[in-house]
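K.L.:
any chance you can model this:
(chains A and B, ligands or ions: 2)
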Amino acid sequence: MRTSDTALTVRGLGKHFGGVTALDGVDLTVRRAEAVAVIGPNGAGKSTLLKLIAGVHRRDSGSIHLGERRLDRLPPHRITRLGVALAHQVPRPFHGLTVRDNVRIGAMAAGPPMRGPELDELLALCRLDTKAARPADSLRVLDLKRLEVARALATRPQVLMLDEVAAGLVGRELDEAIDLIRRVHQRGTTVILVEHIERVVRELVDRVLVLNWGRPIAEGTPAQIALDEQVRAVYLGDSSPAGTGPAVHSPDVSQDMRSAGQDTASTAVPADTDDVLVLDGVTSGYGDMLALRDFSLRVRPGQIVTVLGANGAGKSTLCGTLMGTVGTRTGRITAFGRDITRLPVHERARLGIAYCQEGRRVFGDLTVAENLQLGAPLSLAKGELHTRMDRVHAVFPVLAERAGQKAGTMSGGQQQMLAVGRALMANPSVLICDEISLGLAPVAIDALYQALTEINAQGVAILLVEQNVKRALGICDHAVVLSRGRVSYRGGPAGLLDEADLDAAYFGTPTPDAAVSSTTPATHPGSPARTTGDPS
Amino acid sequence: MTPTPTPRRWWPAAALLLSTVVCFALGGVLDHGTLDLGVTLLCYLAIAQAWNILAGFGGLVSLGSAAFVATGGYAAALLLVHTGLSWPLAVAAAPVVAMLLALLLSAALLRLRGDYFSVGTLAIAIALQALIRNWDWAGGASGVTLPVDAVPSGGNLFQLAVIVAALAMALTLHARHSAFGIRLAAIRDNEPAAAGLGVAVRRHQLAALLPSSAITGLAGAVIAFQFVVISPDGVASVSWSLNAVLMTVVGGTGTVLGPLLGVAVVYYGLTRELQSEQTLSLVIEGVLLIAIVRFAPQGVWPLLCRTARRLLGPRPGTGRPVTGRGDEDETVPSGTETLAMDVA
Ligand SMILES: Nc1ncnc2c1ncn2[C@@H]1O[C@H](COP(=O)(O)OP(=O)(O)OP(=O)(O)O)[C@@H](O)[C@H]1O
Ligand SMILES: [Mg+2]
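P.N.:
Numbers count the residues shown, from 1 in each chain, chains lettered A, B, ... in the order given. Ligands and ions are numbered 1, 2, ... in the order given. Presented below is the predicted three-dimensional model:
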């Protein structure tokens, strides 16, 4: 029932893409100034719902009203001007424009033009103030997400829709993001959230709608939803303890932990030849900025090494340096006993190093099957190709179902699965994974980590860059924490179990009790085990 | 990739006004040969700049400049010949007719994207040429001859060309520094995202297409007066389209001063030098285009700015420490940091 109190009314909404039913009879009423979350497995239709409201796609059936005003026949720019804004899951920046101008476009949408100071304030709020003058195509995934939020906010919306904007944030960054959304909400803005991170949902909304296969399967408070049998089965997975809400994963790390390798990857280089990867005093960066400094690491055969750290700590630079996309300034990289410091990217790949990049770089115009095929060497025999494909399909069944779908039209999570699957197609000796669980539903992360364990059992060494700390620590032999390009922790996963220790290693501000650490991490010559610096 | 609109400053407009006044005054002093050369260059500049607005800022890579040169040229010429209108009125009619054509075609053209838009505009240019060739009232293949004493020449024609080129420059300045320009660039970069931020896509594209056609039509009228005898192989030749692209790309797409430089480079370097060797000229133009796209994809002007900055500016230090969170993992932009100088 539409009353003056309702902000948004969705009735019987349906949407098909070819043979795929993305939404089927969805109802949703959002009251003015309410905050609602929409959750569900990957491909459930969450993003489709938001896009239909924003007018990006046309609905096939049903209706959408903003107050008394019917939205579903209006073009997207009119809907935005009426006060509905969407921050997209897959960012869509204006590459040629500066960050500031990107946001300014949003600010021109409605009402009087935003004044300079107001714009600056908004940029600062979204942590983009230091990058305002840069062209948007120089931003990395996380900042692109911030830019999406900033642009959406700039339109001064009554109804703000946020599609997985907190994905990839940890610790204080997550706190900040939650705080930002809460402040916007408290100003009277109606908020619709799509998020896989349980904490965000629990702290920000009172009501959750759960979708599966395009249909609503449950609706209620976060606590009620966490107890719902069906939701637990299709979305949360087994590992979620009842009562803690969606997406909580706290596998008992100490049980899971391997006894091996408290100190195995210390820095005693030169390497012996069976080491998979050895980095010795590596420094690298971009232009005149060093993002990784004097970094050493050793990965032994069959090991899983986790690299943790706040966003911007140098993790992706490390991956790029290993793969050869970022040049090494000083130091030496050895793979399988061979010096690869100056080897070009494709030759490193041929040595058996596979790299699953952050931000799901799939070939959007190619089909899912073609994307997978591109991950395997060209010369591969047909039979072997199919064996590998089957193996990937076993891990991610949806990739088999959607073999003919264009990769760019897959849901965010499905694209992530495809990116991982493509890396697996190379049948590598060592797999470098950069934030691969980002945007995946808890059940899908279960499947992914299960797959990693299996791959690892076959002898593949894994270098895991993760934001999902508990997951990563639960599976690894050895952990390294980076803070501003330097190692701030090195040792077994046990030394990071304590929140305070972790926070100190991440952000370099020791909380009082973090000073007394239970473990003695291996120390790199010349740098203290835990680097402390000002908290930025 | 083309540069970003930057905030408005007063001095580019002042510089434009000053140079317009100076050039206008020169119309009374220069000798006949120089004036004729001046008219040619100014017309090229206007056409290149009109293309720049559409393609450089709006991302609509047109190959149809020739169609609007022909429309403007023929509109002015036919009005003079058949109605006996005075030349100022004929000139004024040229952009109006060009805009009408653009408006008519926009319904179909603005539905096309990317390469399809380019091909669509090229097809229109070729079709229009064929149409004129078979149109007896317009003189058919042999064209029309203007009454020499009814059209401006020498200093007057030059001054007219100065005004047209100044209009084109002013429009580019506007596209570069206004909210309109930013929105246009947003549509160029990501159309659905722009619509999602409240930008009315079709209306903005039309707002770029109409003035661009008007300027091109105006230039067409000036060219008709200069040629006196106009024919489908002259004013409707596809080479107008190609020159517009070449000159702008060489100079710097999406910059204000780039096309100015491009016109000079292409005209003096190629068109004039190789006037007698048509084939060779085409080959060299092709090679030049490839070299530009390979070595200075943003054009010569941004390259010059960057070099000047490097020579004059402070040298970047080595190994600046990482400052603040989120500062790593950034590929350093190449080239776009020179934007502030582009208008210099
Ligand atoms: N343009 C499109 N063409 C074809 N299929 C599409 C298109 N857009 C979405 N789909 C399909 O519709 C389904 C729903 O997609 P949607 O993006 O809404 O999922 P989601 O719930 O947001 O998932 P995730 O959590 O992974 O982001 C998916 O199966 C997806 O592959
Ligand atoms: Mg989604």
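K.L.:
where does the chain dip in pLDDT?
P.N.:
Just going to use chain A. Along chain A, the parts satisfying pLDDT under 70 run over A:1-4, A:110-113, A:238-273, A:359-360, A:508-536.
K.L.:
I was thinking of chain B, sorry if that wasn't clear
P.N.:
For chain B, applying pLDDT under 70 flags the ranges B:1-8, B:273-275, B:278, B:313-344.
K.L.:
switch the cut-off to 50
P.N.:
B:1-4, B:315-344 (pLDDT under 50).
K.L.:
for it, what's the longest helix?
P.N.:
Counting by DSSP state H, the longest helix found in chain B is helix B:201-227.
K.L.:
tell me the helices and strands packed up against it.
P.N.:
helix B:32-51, helix B:65-78, helix B:87-109, helix B:154-177, helix B:179-189, helix B:191-196 (3 or more C-beta pairs under 8 Å, 6 or more residues apart in numbering or on different chains; DSSP states H and E). Quick note: C-beta positions are derived from backbone N, CA and C, even for glycine.
K.L.:
okay if I get these as a markdown table plus mean neighbour count?
P.N.:
Shown next, in a markdown table, are these (neighbours: other C-beta atoms under 10 Å in any protein chain shown):
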| stretch | mean neighbour count |
| --- | --- |
| helix B:32-51 | 23 |
| helix B:65-78 | 29 |
| helix B:87-109 | 19 |
| helix B:154-177 | 22 |
| helix B:179-189 | 24 |
| helix B:191-196 | 22 |
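K.L.:
which one of these lies nearest to residue A:121?
P.N.:
If you check each of those against residue A:121 by C-beta to C-beta, helix B:179-189 wins as the nearest, at 19.5 Å.
K.L.:
for that closest one, list the C-alpha coordinates in CSV.
P.N.:
Output of helix B:179-189 as CSV, limited to C-alpha atoms (Å, rounded to 0.1, in the frame of the first residue of the first chain):
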residue,chain,number,x,y,z
ALA,B,179,29.7,22.1,-17.4
PHE,B,180,28.4,21.2,-20.9
GLY,B,181,31.8,20.0,-21.9
ILE,B,182,32.3,17.9,-18.9
ARG,B,183,28.9,16.2,-19.4
LEU,B,184,29.8,15.6,-23.1
ALA,B,185,33.1,14.0,-22.0
ALA,B,186,31.2,11.9,-19.5
ILE,B,187,28.9,10.6,-22.3
ARG,B,188,32.0,9.9,-24.4
ASP,B,189,33.6,7.9,-21.6
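K.L.:
quick one: it near chain A?
P.N.:
Yes. Judged by C-beta under 8 Å from any C-beta of the partner chain, helix B:179-189 comes into contact with chain A at B:179, B:182, B:183, B:185, B:186, B:188, B:189.
K.L.:
what's the distance between the third one and residue A:502?
P.N.:
So the one you mean is residue B:183. Distance, residue B:183 to residue A:502, by C-beta to C-beta, to the nearest Å: 45 Å.
K.L.:
same check on the last one?
P.N.:
When C-beta to C-beta is the yardstick, residue B:189 and residue A:502 sit 39 Å from each other.
K.L.:
burial of the residue in the stretch 51-200 of chain A that ligand 1 sits nearest to, as a residue count?
P.N.:
Sorted by distance to ligand 1 under C-beta to the nearest ligand atom, the residues of the stretch 51-200 of chain A start with residue A:89, at 5.5 Å. If you count neighbours by other C-beta atoms under 10 Å in any protein chain shown, residue A:89 ends up with 22.
K.L.:
contact partners for it?
P.N.:
By C-beta atoms under 8 Å, 6 or more residues apart in numbering or on different chains, the residues touching residue A:89 are A:47, A:163, A:164, A:194, A:412, A:439.
K.L.:
which residues does the fourth one contact?
P.N.:
So the one you mean is residue A:194. A:37, A:38, A:39, A:46, A:47, A:50, A:89, A:161, A:162, A:163, A:164.
K.L.:
tell me how many other residues crowd the fourth one.
P.N.:
In other words, residue A:46. When neighbours are counted by other C-beta under 10 Å, residue A:46 comes out with 32.
K.L.:
which non-adjacent residue is nearest it?
P.N.:
The spatial neighbour of residue A:46 that comes closest, neighbours along the chain excluded (C-beta to C-beta, 6 or more residues apart in numbering or on different chains), is residue A:194 at 4.5 Å.
K.L.:
which residues does the residue of the stretch 1-150 of chain B found nearest ligand 2 contact?
P.N.:
In the stretch 1-150 of chain B, the residue that lies nearest ligand 2 is residue B:113 (25.3 Å; C-beta to the ion). Taking C-beta under 8 Å, 6+ apart, we find residue B:113 in contact with residue B:191.
K.L.:
could you look up the SS state of it?
P.N.:
Following DSSP: H, G, I helix; E, B strand; the rest coil, residue B:113 is assigned to coil.
K.L.:
got phi/psi on it?
P.N.:
Main-chain torsions, residue B:113, degrees, to the nearest 10: phi -130, psi 150.
K.L.:
and it, how far is that from residue B:187?
P.N.:
11 Å.
K.L.:
what does residue A:39 give?
P.N.:
On the measure of C-beta to C-beta, residue A:39 and residue B:187 end up 34 Å apart.
K.L.:
before we move on, back to that, show me what the helix or strand following the longest helix of chain B is packed up against.
P.N.:
Reading on from helix B:201-227 to the C-terminus, the next helix or strand found by DSSP states H and E is strand B:229-230. Applying 3+ C-beta pairs under 8 Å, 6+ apart, we find strand B:229-230 packed against helix B:65-78, strand B:144-145.
K.L.:
related to what we said a few turns ago, the residue of the stretch 51-200 of chain A closest to ligand 1 in helix, strand or coil?
P.N.:
Look at residue A:89: counting by three-state DSSP, its state is coil.
K.L.:
show me what from chain A comes close to ligand 1.
P.N.:
Selection of chain A residues close to ligand 1 by C-beta under 6 Å from any ligand atom yields A:17-18, A:20, A:22, A:40, A:42-48, A:89, A:405, A:409-414.
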